[in-house]
Structures are given as structure tokens and as C-alpha cells.
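Student: Below: sequence and its predicted model.
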Amino acid sequence: MILVMMDLVTHYVTTAFLQAETKQAIAEAITATSTPIRLSSNLFIRTDRAPALQSLAKDTSGPLTSIGITLQMLNDNCHLDRAIQKASSSRTLN
């Protein structure tokens, strides 16, 4: 699994490659990818409705909540989808 994080103001993108799609692995990846773009003690992350992400979002005493990260479930994450499309189209294989 590839986790992609994008700041909506600067469009700065960070990524993480996960070996497993467990709650713990995703929480660690979210923490690692959000740290370089985090500007305040509370962070709101918009995400899709993947089952592990939904589980993390509902866990009010979990690892993300304890460090001030709140997940907001969206039906559409068009900002990130467009950024990924743009990055993919700008790459060429040699």
C-alpha cells in the first residue's frame, strides 16, 4: 500500500510505502508523512473511506487522537487525485 499525504495550501506531498494495511501500520505512516507538513498541534486529515482508515477515525482513544490528529472521511478526495494524476503524467520512463 502507498499512503500519500498532501498539504492543501502548499501542495507539498509526502508518501510512505506500507508492508501491511493494519491500523497500526497506517497510523505510523500517517504520523510519519504528516510530521514534515504539520504546522499546529491539531491536524485534520481528509481521507477516503478505506476500512482501516474508518476504524482509525472512529477510535477516539487511539494513537492518532492522542497526538492531535483527526481523520475526516470523504466520499471524494479530488485534490489528491488530481495531484497524483499530474505527478504520474509528468513522469517518463527511460
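Tutor: Alright, I've got the coordinates. Numbers count the residues shown, from 1 in each chain.
Student: quick one: low-confidence ranges for the protein?
Tutor: Scanning the chain with the threshold set as pLDDT under 70 gives 76-80, 83-84, 87-88, 90-94.
Student: what ranges do the helices span in it?
Tutor: 23-34, 51-58, 78-90 (DSSP state H).
Student: would you turn the ones you listed into a markdown table with mean neighbour count and distance to Met1?
Tutor: Every residue, glycine included, has its C-beta placed from N, CA and C. Below are the helices of the chain laid out as a markdown table (neighbours: other CB atoms under 10 Å; distance: least, CB to CB, whole Å):
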| stretch | mean neighbour count | distance to Met1 |
| --- | --- | --- |
| helix 23-34 | 18 | 8 |
| helix 51-58 | 16 | 9 |
| helix 78-90 | 12 | 14 |
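Student: Point out the one among those helices that comes closest to Val9.
Tutor: Closest of those to Val9 is helix 78-90, at 10.9 Å (criterion: CB to CB).
Student: neighbouring contacts of stretch 18-29?
Tutor: The contact list for stretch 18-29 (CB atoms under 8 Å, 6 or more residues apart in numbering) reads 1-3, 16, 50, 52-53, 55-56, 59, 62-64.
Student: Report the backbone C-alpha coordinates of stretch 69-77 in CSV.
Tutor: C-alpha atoms of stretch 69-77 as CSV (Å, rounded to 0.1, in the frame of the first residue of the first chain):
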residue,chain,number,x,y,z
ILE,A,69,-4.7,14.1,14.5
THR,A,70,-8.3,13.8,13.4
LEU,A,71,-9.3,11.9,10.3
GLN,A,72,-12.2,13.3,8.2
MET,A,73,-13.9,10.7,5.9
LEU,A,74,-14.7,12.0,2.4
ASN,A,75,-16.5,10.4,-0.5
ASP,A,76,-14.2,12.2,-2.9
ASN,A,77,-10.6,13.3,-2.4
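Student: Let me know the distance separating Ser41 from Ile2.
Tutor: According to CB to CB, to the nearest Å, Ser41 and Ile2 sit 27 Å apart.
Student: And stretch 64-79, what's buried?
Tutor: Along stretch 64-79, these residues count as buried under the neighbour rule (16 or more other CB atoms under 10 Å): Leu64, Ile67, Ile69, Leu71, Asn77.
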